[in-house]
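Participant: A predicted structure for the sequence below; I have some questions about it.
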Amino acid sequence: MKKLLVLFIVALISMMGSAHALDVQIMNKEGTFALGDPIIMQPGQTLTFSIGLDDYDFAIAGNEHNYNITVFALSGGASVDDVTATLLETSVTPPSPAGLYVDEEVFTLTMDADAPGTGVWQVYLEVGEVGVSGVQFASATRNIEITEFPTIALPIAAILGFAFFMQRRNREE
């Protein structure tokens, strides 16, 4: 009886891990690769994205699913008004499962020219009620601190001086 109960619990746990209905990937415009996190954009730039659908089952194939897109402002003075997300396609009907299906040129993101250089946003794309994908993106005009020359040169000179001192001391002995 205990073995049967353990087998039942293991079966339930394994079914929970495989219960996802659809894997959604935000891809480059051509649909050749999934984008990493974050996506770097220049203020005033517009980028086009494709969507990859993978690991979907027969209940999803052949049925129409609407796209929904949402942009969130996360940090760095970002505002949702700084970015415009435009759906180029409103829905998708994936074919019978045969690996990865790519729906090309699904949406665009346009960052305002006056968007803050330190802003970070997140975009979520939902495919019906069966799959969600999100990716963080940010402006490329971030403030980067460059250390001054003496900050780098002085420690290096001290290490080299110490090495010469130790070498000379060893020769004298």
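Facilitator: Received the coordinates, thanks. Numbers count the residues shown, from 1 in each chain.
Participant: tell me where the protein has helices.
Facilitator: Along the chain, counting by DSSP state H, helices occupy 2-17, 149-172.
Participant: least reliable of those by average pLDDT, please.
Facilitator: Sorting the helices of the chain by mean pLDDT places helix 2-17 lowest, at a mean of 36.
Participant: quick one, strands of the chain?
Facilitator: 23-27, 39-41, 46-54, 65-75, 83-87, 91-92, 101-111, 120-127, 131-139 (DSSP state E).
Participant: report the buried residues of the fifth one.
Facilitator: Neighbour-count burial for strand 83-87, with 16 or more other CB atoms under 10 Å as criterion, is recorded at 83, 85. For glycine as for every other residue, the C-beta is placed from the backbone atoms N, C-alpha and C.
Participant: follow-up on the earlier one: which of the strands of the chain sits closest to Ala153?
Facilitator: Nearest to Ala153, of all the strands of the chain, is strand 39-41, at 31.5 Å by CB to CB.
Participant: in the closest one, which residues are buried?
Facilitator: 39, 41.
Participant: distance from the chain centre to it, please.
Facilitator: In this view, strand 39-41 has its centroid 10 Å away from the chain centroid, taken as CA atoms, centre = their mean, to the nearest Å.
Participant: do the same with stretch 113-132
Facilitator: Centroid separation for stretch 113-132 versus its chain: 10 Å, with CA atoms, centre = their mean.
Participant: stretch 162-170 now?
Facilitator: Worked out by CA atoms, centre = their mean, stretch 162-170 lies 51 Å from the chain centre.
Participant: can you check stretch 69-85 too?
Facilitator: Computed by CA atoms, centre = their mean, the chain-centroid distance of stretch 69-85 equals 15 Å.
Participant: before we move on, what about stretch 111-119?
Facilitator: 19 Å.
Participant: got it, and stretch 74-93?
Facilitator: How far stretch 74-93 lies from its chain's middle: 14 Å, per CA atoms, centre = their mean.
Participant: got the end-to-end distance for it?
Facilitator: Separation of the first and last residues of stretch 74-93 by CA to CA, to the nearest Å is 32 Å.
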